[in-house]
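Engineer: Compute the structure for the input listed below.
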Amino acid sequence: MSFYLAKSGEIVMEADFSFHASKVQQIFENLKEGKIFTFIATNTFQHTGVGNFLFYPSVFLYPWAILKFFLNPIDAYYCWIGLITFSTFLISYFCMMKFSENTFRSLVFSYIYVLAPYRLFVSLGTHGELLTATFLPIVFLGLYNIVYGDYDKWYVLSIGLALVSYGHILSIFIIFEIFVGLLFLKFIFGNSISFKRIKFLIKSAFLTLLLVLPILIPFLTDLLGQNIIKPYRGIGLTTDPFNVFQMSINNGLGFSVGLILLVFLLTGWLFVKQPNRIYYYMGLALTIISTTIFPWHLFNNTILATVQITYRYILYASFFLSVSISGELQSITYKEFYKKFNDKSILIFGLVIMSAGFLLYCSSFSEYYSKLNSTSSEEYLKKPEGNKVPNLSYTKLDKNNYNDLFYYQVSNGERDYYPQKSFDNSESIINNISYLNGKSTKITPKYKDNKIIYRIKLKGDTVVDLPTIVYKNTYVRINHKKANFEDSSRGTVFVNLNKGLYNIEVGYKPPIIYFIGILISVLTWIYILLFYFKSR
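Structural biologist: Got it, this is the predicted structure:
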């Protein structure tokens with residue numbers, strides 16, 4: 001699957017690709033200097049010191065960055081996508097095995113879920129949701145264990161939620177919505193939850209909190225109360241049901257459940273039996289919620305609008321529909337294959353579903369692959385000319401022009417996590433304009449890990465405003481000594497200096513509580529591993 005795309009030697013940039021690629025490039029540059037932690041952007045994101053690493057998790061981008069040491073950037077990217085996809089296959093298979101204890105069903109579920117067109121679509125650039133899709137089976141297996149199954153496995157929910165948090169915080173909000181909906185349905189149509197199971201839910205919540213401390217602490221120390229711009233809260237993108245239907249019929253990438261799940265969605269109500277029926281109706285409800293059938297305009301100013309893009313719910317619809325259809329197909333195919341092939345039935349069945357799955361994969365990627373094979377020279381990204389940083393349009397990358405990407409503004413997210421003052425004055429910051437006594441100038445600094453170093457020679461007393469964004473834990477060193485500074489009218493570093501030659505280092509250093517949080521999180525993961533092996 002990965003080689004199918006990688007053999008082109010090209011990438012067609014979609015969605016948030018430039019955002020994540022810029023983060024990976026910064027991690028890569030820091031790793032080259034032997035530095036593990038990345039907090040602010042210095043080499044990328046126009047060298048502004050923006051703190052998107054503080055507020056948007058980057059844990060699972062490190063393998064992509066490490067692969068860049070051994071492979072060209074195109075192969076490194078597709079290899080990373082391949083590793084994520086393979087991990088999703090494995091996790092999906094083994095989670096379904098724990099849930100159903102049936103190999104046939106686990107094979108069906110893993111292939112239908114992993115090859116669902118929406119999951120494939122987010123692999124092209126929306127990598128936060130891609131990572132969510134990888135760990136979603138763990139999350140819902142964990143919830144099932146606590147509410148219905150073996151509550152001694154209560155820690156599985158914490159593991160799933162923590163892994164999702166390391167990739168995409170917004171997905172936790174959607175998962176919480178679904179949790180609340182499922183629990184509400186259980187209270188209405190089922191039995192109440194015992195106090196013991198509620199206790200394990202609380203324990204799981206506390207364990208999750210310990211595991212995500214490195215993600216949570218920067219929000220508490222540098223985001224809350226700092227008047228920082230966050231990704232917009234509001235319904236920005238919706239889709240009507242006809243678009244979902246049409247794209248699903250074509251098995252195309254995008255807001256699509258795919259041809260197989262669409263047929264099941266339209267006909268499943270006729271034949272699906274319990275316990276698979278509840279998962280079918282969850283998939284149906286989430287598909288409806290993802291479209292304009294649901295009255296989103298009534299909720300645009302509520303907490304529900306945090307989701308931003310309504311068709312995000314298609315991922316969760318695909319998950320529940322895959323759970324349901326795998327149960328129905330297992331009851332049909334298991335007997336037939338076992339009758340004909342006996343002990344070889346799983347091998348034969350696996351080969352059949354693998355072949356069918358790859359054909360569906362090629363069908364979904366046919367349009368994207370045709371873009372890769374296009375020979376138009378106009379589609380290739382070129383290094384921009386002039387001093388102004390241009391906006392990026394969706395174009396093609398190969399190993400020769402890949403690094404030209406970082407001369408452009410990021411398509412989605414360039415100004416995310418700017419302080420409000422910086423957001424209002426973003427053009428001068430993005431174009432690296434410094435001000436000396438109010439006069440604009442450009443200074444070429446050195447870019448290091450989590451710091452930017454300016455060398456300035458001043459002829460007299462000067463008010464210096466540098467284009468590096470200020471956060472609560474930003475520091476300034478002047479001639480290697482820690483110095484006081486102010487927050488300028490555009491939210492950048494502002495110092496008063498006398499005549500002389502100055503070496504000004506502007507950087508970010510997290511508080512000690514951040515490293516304490518990492519230590520607690522690491523020790524908690526070790527405890528979970530020891531607990532797991534002891535229980536076995």
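
Engineer: Report how many residues lie close to Ile520.
Structural biologist: 15 (other Cβ atoms under 10 Å). The C-beta positions use only the backbone N, C-alpha and C, and glycine is treated the same way.

Engineer: For it, give me the pLDDT.
Structural biologist: As predicted, Ile520 sits at a pLDDT of 97.

Engineer: buried ones in the helix or strand hosting it?
Structural biologist: Assigned by DSSP states H and E, Ile520 falls within helix 512-535. The neighbour-count check on helix 512-535 (16 or more other Cβ atoms under 10 Å) flags 514, 517, 521, 524, 528 as buried.

Engineer: so which one among the residues you listed has the lowest pLDDT?
Structural biologist: Ile528 (92).

Engineer: mind listing what it touches?
Structural biologist: 155, 158-159, 207 (Cβ atoms under 8 Å, 6 or more residues apart in numbering).

Engineer: Check which element follows the helix or strand where Glu367 lies along the chain.
Structural biologist: Here Glu367 is covered by helix 366-372, with elements defined by DSSP H and E. Heading C-terminal from helix 366-372, the first helix or strand you meet, by DSSP H and E, is strand 396-398.

Engineer: Run through the neighbouring helices and strands of that following strand.
Structural biologist: strand 10-12, helix 73-100 (3 or more Cβ pairs under 8 Å, 6 or more residues apart in numbering; DSSP states H and E).

Engineer: And the strands in this protein?
Structural biologist: Assigned by DSSP state E, the strands in the chain fall at 10-12, 396-398, 434-436, 439-441, 446-448, 451-458, 462-469, 474-478, 481-483, 486-487, 492-497, 500-508.

Engineer: Buried residues in the longest one, which are they?
Structural biologist: Yep, that's strand 500-508 we're talking about. 502, 504-508.

Engineer: Return the member of the residues you listed nearest to Thr291.
Structural biologist: Tyr508 (41.9 Å; Cβ to Cβ).

Engineer: rewinding a little: pick the most deeply packed of the helices and strands packed on strand 396-398.
Structural biologist: strand 10-12 (a mean of 22; mean count of other Cβ atoms under 10 Å).

Engineer: tell me which strands and helices it is in contact with?
Structural biologist: helix 73-100, helix 366-372, strand 396-398.

Engineer: which outside residues touch the last one?
Structural biologist: I take that to be strand 396-398. 9-13, 73-74, 371-372, 374, 379-381, 405.

Engineer: Report the separation between the closest residue to Pro419 other than its chain neighbours and Asn227.
Structural biologist: Leaving out its chain neighbours, the residue that sits closest to Pro419 by Cβ to Cβ, 6 or more residues apart in numbering is Gly491, at 4.0 Å. Distance from Gly491 to Asn227, counting by Cβ to Cβ, to the nearest Å: 9 Å.

Engineer: what do those two both touch?
Structural biologist: With Cβ under 8 Å, 6+ apart, Gly491 and Asn227 have common neighbours 419-421.

Engineer: Out of the residues you listed, give me the one that has the most neighbours.
Structural biologist: Busiest of the shared contacts of Gly491 and Asn227 [other Cβ under 10 Å] is Pro419, holding 21 neighbours.

Engineer: my guess is Asp75 meets Lys7, correct?
Structural biologist: No - using Cβ atoms under 8 Å, Asp75 is not in contact with Lys7, being 9.9 Å away.

Engineer: Just the buried positions in stretch 290-300, please.
Structural biologist: Going by neighbour count (16+ other Cβ under 10 Å), the buried part of stretch 290-300 is 290-292, 294, 296.

Engineer: Can you pull out the low-pLDDT segments for the chain?
Structural biologist: 190, 232-233, 377-378 (pLDDT under 70).

Engineer: That one - how does it break down into domains?
Structural biologist: Listed domain ranges for the chain are 2-370, 420-512 (source: automatic domain parsing).

Engineer: of all those, which gets the most neighbours per residue?
Structural biologist: Comparing the domains of the chain by mean count of other Cβ under 10 Å gives domain 2-370 as most buried, with a mean of 19.

Engineer: who are the neighbours in contact with Ser204?
Structural biologist: Residues near Ser204 by Cβ under 8 Å, 6+ apart: 142, 146, 154-155, 157-158, 161.

Engineer: Pull stretch 469-479 out as PDB, backbone CA atoms only.
Structural biologist: C-alpha atoms of stretch 469-479 as PDB (Å, rounded to 0.1, in the frame of the first residue of the first chain):
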ATOM      1  CA  ILE A 469       6.600  35.800  19.800                       C
ATOM      2  CA  VAL A 470       6.500  36.100  23.600                       C
ATOM      3  CA  TYR A 471       4.900  33.400  25.800                       C
ATOM      4  CA  LYS A 472       4.800  33.200  29.600                       C
ATOM      5  CA  ASN A 473       8.100  31.100  29.700                       C
ATOM      6  CA  THR A 474      10.000  33.000  27.000                       C
ATOM      7  CA  TYR A 475      13.400  34.200  28.100                       C
ATOM      8  CA  VAL A 476      16.000  36.700  26.700                       C
ATOM      9  CA  ARG A 477      19.800  36.600  27.200                       C
ATOM     10  CA  ILE A 478      21.800  39.600  26.100                       C
ATOM     11  CA  ASN A 479      25.500  38.900  25.700                       C
END
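
Engineer: which residues are contacting that stretch?
Structural biologist: Residues from elsewhere that reach stretch 469-479 (Cβ under 8 Å, 6+ apart): 40, 48-51, 54, 221-222, 226, 228, 418-419, 422, 429, 468, 482-485, 487-488, 491-493, 495, 497, 502-511.

Engineer: For Thr333, state which of the buried residues of strand 500-508 is nearest.
Structural biologist: Tyr508 (55.5 Å).

Engineer: and the gap between that closest one and Leu265?
Structural biologist: 48 Å.

Engineer: just Gln246 next, same as before
Structural biologist: For Gln246 relative to Leu265 (Cβ to Cβ), the value is 14 Å.

Engineer: Quick check: Tyr151 touching Asn145?
Structural biologist: Yes - contact criterion Cβ under 8 Å: Tyr151 and Asn145 qualify, at 6.2 Å.

Engineer: which phi and psi does Asn479 have?
Structural biologist: Main-chain torsions, Asn479, degrees, to the nearest 10: phi 50, psi 40.

Engineer: Show the contacting residues for Gly160.
Structural biologist: 135-142.

Engineer: what do you get for Pro231?
Structural biologist: Here Pro231 is in contact with 170, 308, 413, 416 (Cβ under 8 Å, 6+ apart).

Engineer: So the closest residue in space to the last one that isn't next to it in sequence versus Asn473, what's the distance?
Structural biologist: Right, Asp416. Counting by Cβ to Cβ, 6+ apart, Pro231 is the residue found nearest to Asp416 once chain neighbours are left out, at 5.5 Å. Separation of Pro231 from Asn473 (Cβ to Cβ): 21 Å.

Engineer: Leu523 too?
Structural biologist: Taking Cβ to Cβ, one finds Leu523 at 24 Å from Asn473.

Engineer: And Val463, by the same measure?
Structural biologist: The value you get for Val463 to Asn473, if Cβ to Cβ is used, is 24 Å.

Engineer: same deal with Leu261?
Structural biologist: From Leu261 to Asn473 the distance is 46 Å (Cβ to Cβ).

Engineer: Centroid-nearest residue for this structure?
Structural biologist: Compute the mean C-alpha point of the chain, and by Cα atoms, centre = their mean the closest residue is Gly128, 0.9 Å away.

Engineer: Just to check, it is in contact with Gly167?
Structural biologist: Yes - counting by Cβ under 8 Å, Gly128 touches Gly167, with 5.7 Å between them.

Engineer: picking up where we left off before, the buried residues of strand 500-508 into JSON lines, with extra columns for distance to Ile193?
Structural biologist: Compiled in JSON lines, the buried residues of strand 500-508 are given as follows (distance: Cβ to Cβ, whole Å):
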{"residue": "Tyr502", "distance to Ile193": "64"}
{"residue": "Ile504", "distance to Ile193": "59"}
{"residue": "Glu505", "distance to Ile193": "55"}
{"residue": "Val506", "distance to Ile193": "52"}
{"residue": "Gly507", "distance to Ile193": "49"}
{"residue": "Tyr508", "distance to Ile193": "44"}
